[in-house]
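> Quick one: sequence plus predicted model below, questions after.
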Amino acid sequence: MRKTAVIANVMRKEWLLILRTPNNIFFVTMVPVLVTVQFLFYIWLALRLAGADIIMDTVLAGAVDRFFSSFEAAASGTLDPEQKLLVFFFGLFPLYGLLIPCLVSLSFATFGIVEEKMTKTLEPLLATPVRTSDLLLGKALAALVPAAVMSFICAGIFLLGTVVMGKGPLIGIVITPRWWIFLFVLSPLFSLLTFMLGVAGSARAADVKSAQNFAVLVVLPILGFVVLQVLGVLMFSPLTLLLLAAALVCLNLIMLRISVRIFKRETILTAWK
Amino acid sequence: MNNAIEAVGLTKRFGEIPAVEDLCFSVGRGEILGLLGPNGAGKTTTARLLAGMMAPTSGYAEVLGMKSDRDPETLHRSIGLLTETPGFYERMTALENLLYFAGFYDIDGRTQARRYLVLLGLWEKKDQKVSGFSKGMRHKLALARALLHEPEILFLDEPTAGLDPEAAQEVRSLIRGLNERGRTVFLSTHNLEEAEQLCNRVALIRTNLILVDSVENLRKNVSGERIEIVLENEGAEIARTLRVLPFVRTLSVTDRILVVETKKGSADTPELIKRIVDSGGRILSVKERSQSLEDLYLILIRNETGKNDA
């Protein structure tokens, strides 16, 4: 049996089941959109309620300066304080947007594995010739594809939102190589990492909710990075992002080994509750 | 290679606790072997070890000439497994479930799924979601799933548990039919009547293997025949007299009926009747009763418990 056919078989089944579960469709499609819209809404709200001048009187001023001195020096001279602030906020989106592939992957991982536990389908499944690695890869890819698609859709919604806000001309400054690294390198890597953590969490969990609680561990560092960048403590240059990507590749490989170990037939039959 | 399954010193421990210990038995090709034992005796563990779902702590099992834990994926192409509580993807239809599992084998999934859904009377329900299936339908669907890839050996764990008599009979007929077409069946069951009906041999385990033999040999070797004597008068007093006789192995009395198991079976009957008459018993009828597998099972388990207690 060709490996690709086995993986495609697993992916098809995962999608079929997700599509037949309204809660999951909502979680996979609407939650990422809400996350994106919410981001734009808070920026709009901050500017409407406080105004750029007041915000720039806070700790953010230093962060904005560091942001521009780090990456966007060429553009900073021509921008007024509000535009600077907007570019700074918009520049946070790719980092904040990493939550999207994580949420989608998490949903697939926990649903895909806890559901198998709850319906007792793992034993007959593991009695087929499917290899653990192929099964996990099929499940991971089933999560990765919608996670990537939703990341792209949400990036599009975000850009559209900036245009609706009348800030379209700033987009050219915001979209830099960092954007593409976030979108095409970090997003899939975080998606895989969340999936593996979801597998690890699901192994011990009796239901989807407890599994998701465990995998929330991956969301916390992302939020931490966002806060550190808002405070100007941490600025991600393309180089640091690529280093982060390399670290994520290593972490993913380690998690893959752990997941395959967790997913051993005997472990599932004897240790999974 | 005549044996489909060969277990040699097969042992599985979970920590310090032995689930099965030093099992040695074989199952010939085309044979139905029934695995019997009380709850917690290690029946499911044995089936899982043989099916390559677990690695033994020591010893080994060879299934179709392959070490069961060495390359389970290859082994799984040739075996089918029916678990006691067969799980399905509830939101998928019967056909979708079968096609998904068929997708892991080199087979024409649609043709095979259709074949077994028709054979098991589920074709009309093929587009219904499994969540609406009765227990009987689920068992049949699980059997279809286990058979999709035409396995040489079937591992069946309580295949008729919880089914109504009609559905259970259908499943038994199907198992018999499969065996007649050359399939080897490893049947783990609590249902002794089922084992008696289906199995060429039975293996009795309680962590260790107690014995493996045909039901006929068990009857001959484990115990003599039983004699049922119906009296006109009360049997309790007469039973007391009979119990001390050296050739009486077991004796039970219910009102006016005595059931006696003697060492030499029917050869002891004349002497037994004489003793009853001498003790004042007025006999209405005497009937020889061969023991059911259930009787033998209980004797063996009781003997084993006695040994362990000693």
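Looks like it arrived, so ask away. Because the structure is predicted, anything quoted here is derived from the model rather than measured.
> Could you find the closest non-adjacent residue to the residue in chain B that chain A sits nearest to?
Nearest residue of chain B to chain A: B:Gly87, at 3.0 Å (Cβ to the nearest Cβ). C-beta coordinates here come from the backbone N, C-alpha and C atoms, glycine included. Once flanking residues are discounted, B:Gly87 sits nearest to A:Lys120: 3.0 Å by Cβ to Cβ, 6 or more residues apart in numbering or on different chains.
> For chain A, which helix or strand comes out least confident on mean pLDDT?
helix A:73-76 (a mean of 57; mean pLDDT, DSSP states H and E).
> how about the residue nearest to B:Gly87, secondary structure?
When classified by DSSP: H, G, I helix; E, B strand; the rest coil, A:Lys120 comes out as coil.
> That one and B:Tyr89 touch, don't they?
No. In this structure A:Lys120 lies outside contact range of B:Tyr89 using Cβ atoms under 8 Å: 10.7 Å.
> Those two: which is more packed in?
Ranked by neighbour count (other Cβ atoms under 10 Å in any protein chain shown), A:Lys120 and B:Tyr89 place B:Tyr89 first, with 22 against 15.
> next one: phi and psi at that one?
With angles defined as degrees, to the nearest 10, B:Tyr89 sits at phi -80, psi 110.
> is it fair to say A:Gly166 lies in a strand?
No. Counting by three-state DSSP, one finds A:Gly166 to be coil, located in no strand.
> how close does it get to A:Val33?
Distance, A:Gly166 to A:Val33, using Cβ to Cβ, to the nearest Å: 21 Å.
> cool, B:Val253 as well?
80 Å.
> of these two, who's got more company?
B:Val253 (20 against 14).
> sec struct for that one, please.
Recorded secondary structure, B:Val253: strand (three-state DSSP).
> Do I have it right that it meets B:Glu237?
No. With contact defined as Cβ under 8 Å, B:Val253 does not reach B:Glu237; the gap is 9.8 Å.
> picking up where we left off before, what about the residue of chain B closest to chain A, neighbour count?
By other Cβ under 10 Å, 20 other residues sit near B:Gly87.
> Next: B:Thr254.
By other Cβ under 10 Å, the residues close to B:Thr254 number 9.
> ditto for the one 5 residues further on
A count of neighbours around B:Val259, defined by other Cβ under 10 Å, yields 16.
> What of the one 4 residues further on?
Applying the criterion other Cβ under 10 Å, we find 12 residues in the vicinity of B:Lys263.
> any idea how far the closest residue to it other than its chain neighbours lies from B:Val286?
Spatial nearest neighbour of B:Lys263, chain neighbours left out: B:Phe247 (4.9 Å); criterion: Cβ to Cβ, 6+ apart. For B:Phe247, the distance to B:Val286 (Cβ to Cβ) stands at 16 Å.
> quick one: secondary structure of the closest residue to A:Thr121 other than its chain neighbours?
Leaving aside its chain neighbours, A:Thr121 sits nearest to B:Gly87 (4.2 Å; criterion: Cβ to Cβ, 6+ apart). Secondary structure state of B:Gly87, per three-state DSSP, is coil.
> so where is the chain shaky, pLDDT-wise?
No chain was given, so I picked chain A. For chain A, applying pLDDT under 70 flags the ranges A:1, A:71-77, A:204, A:206-208, A:211-212, A:214-216, A:218, A:272-273.
> my question was about chain B
The model of chain B has pLDDT under 70 over residues B:1, B:219-225, B:290-292, B:296, B:299, B:303-310.
> where do the helices sit along it?
All helices of chain B, identified by DSSP state H, fall at B:43-50, B:72-75, B:94-102, B:109-119, B:135-147, B:165-180, B:192-198, B:215-222, B:236-243, B:269-278, B:293-309.
> Any chance of a markdown table for those helices, columns mean neighbour count?
Shown next, in a markdown table, are the helices of chain B (neighbours: other Cβ atoms under 10 Å in any protein chain shown):
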| stretch | mean neighbour count |
| --- | --- |
| helix B:43-50 | 25 |
| helix B:72-75 | 18 |
| helix B:94-102 | 24 |
| helix B:109-119 | 17 |
| helix B:135-147 | 22 |
| helix B:165-180 | 16 |
| helix B:192-198 | 19 |
| helix B:215-222 | 15 |
| helix B:236-243 | 16 |
| helix B:269-278 | 15 |
| helix B:293-309 | 15 |
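> Please tabulate these in a markdown table, including the columns distance to A:Val199.
Shown next, in a markdown table, are the helices of chain B (distance: least, Cβ to Cβ, whole Å):
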| stretch | distance to A:Val199 |
| --- | --- |
| helix B:43-50 | 22 |
| helix B:72-75 | 20 |
| helix B:94-102 | 20 |
| helix B:109-119 | 27 |
| helix B:135-147 | 24 |
| helix B:165-180 | 36 |
| helix B:192-198 | 39 |
| helix B:215-222 | 47 |
| helix B:236-243 | 64 |
| helix B:269-278 | 68 |
| helix B:293-309 | 42 |
